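Colleague: sequence unknown, structure follows:
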């Protein structure tokens, strides 16, 4: 999805683009610099220890190994868990449904950036749509959704009765 988004927004000035994302990876970009990351582990820490959720992440021009700073044990666990995609999807959906992704830091980041709109590239996770809708309502921002082939795998997306989709 990173290449898709880069292709769509390559002619935009980097000051006008910011991205909220939900992976452990460091963004790889020469042009775009404004990222806020919320990881599954951040949500678990908030549930268990009442810590803050997510934070601003700086992109790197080139990332050869997204897990370069992780231990061998961590990498082995990640590789093992990749075998259980359906369980991972279910666990992530459950994790993000409790709204622990919300934080003062995220609100401040959004307020500081002052977006004109939200552009969502959904995937197999419905929680990303839920979060985009919540942010759209909270900050009174229009939401634009771009469906790719990843979306075809997910037939549970519901944008709600107050949201209209225009197929282009």
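Modeller: Arrived safely, thanks for sending. Here the structure is a predicted model, which means the values were calculated and not measured.
Colleague: what sits up against stretch 93-105?
Modeller: Outside stretch 93-105, the residues that touch it by C-beta atoms under 8 Å, 6 or more residues apart in numbering are 22, 36, 38, 40, 43-44, 46-47, 52-56, 125-127, 130-131, 134. In this view, the C-beta of every residue, glycine as well, is placed from N, C-alpha and C.
Colleague: one more time with 10 Å, if that's ok
Modeller: 20, 22, 36, 38, 40-47, 50-56, 109, 124-128, 130-131, 134-135, 138, 156 (C-beta atoms under 10 Å, 6 or more residues apart in numbering).
Colleague: any idea how far apart the tips of that stretch sit?
Modeller: 22 Å (C-alpha to C-alpha, to the nearest Å).
Colleague: would you mark the buried spots in the helix or strand bottoming out on mean pLDDT in the chain?
Modeller: In the chain, no helix or strand scores lower on mean pLDDT, DSSP states H and E than helix 72-81, which sits at a mean of 73. Buried residues in helix 72-81, counting neighbours by 16 or more other C-beta atoms under 10 Å, are absent.
Colleague: quick one: the helices in the chain?
Modeller: Taking DSSP state H as the test, the helices found in the chain are 2-9, 40-49, 72-81, 85-97, 104-113, 127-139.
Colleague: ok, which of these comes nearest residue 145?
Modeller: helix 127-139 (7.8 Å; C-beta to C-beta).
Colleague: before we move on, the earlier item: run the angle between the least confident helix or strand of the chain and helix 85-97 for me.
Modeller: Put simply, helix 72-81 runs at 110 degrees to helix 85-97, going by axes from the mean of the first three to the mean of the last three C-alpha atoms, to 10 degrees.
Colleague: identify the bridge partners of the residue nearest to the spatial centre of the chain.
Modeller: Ranked by distance to the mean C-alpha position of the chain (C-alpha atoms, centre = their mean), the top residue is residue 21 at 2.3 Å. Legend: beta-bridge partners of residue 21 under DSSP bridges are residue 37.
Colleague: for it, give me its contacts.
Modeller: Residue 21 makes contact with 1, 2, 5, 27, 35, 36, 37, 38, 39, 54, 57, 128, according to C-beta under 10 Å, 6+ apart.
Colleague: now do the contacts for residue 59.
Modeller: By C-beta under 10 Å, 6+ apart, the contact set of residue 59 is 14, 19, 26, 27, 28, 29, 30, 31, 32, 33, 34, 35.
Colleague: distance from the least confident helix or strand of the chain to the middle of the chain?
Modeller: Averaging C-alpha positions (C-alpha atoms, centre = their mean, to the nearest Å) puts helix 72-81 22 Å from its chain's average.
Colleague: top of the contacts of residue 21 by number of neighbours, please.
Modeller: The most crowded member of the contacts of residue 21, judged by other C-beta atoms under 10 Å, is residue 38 (23 neighbours).
Colleague: kind regards, and thank you for your time.
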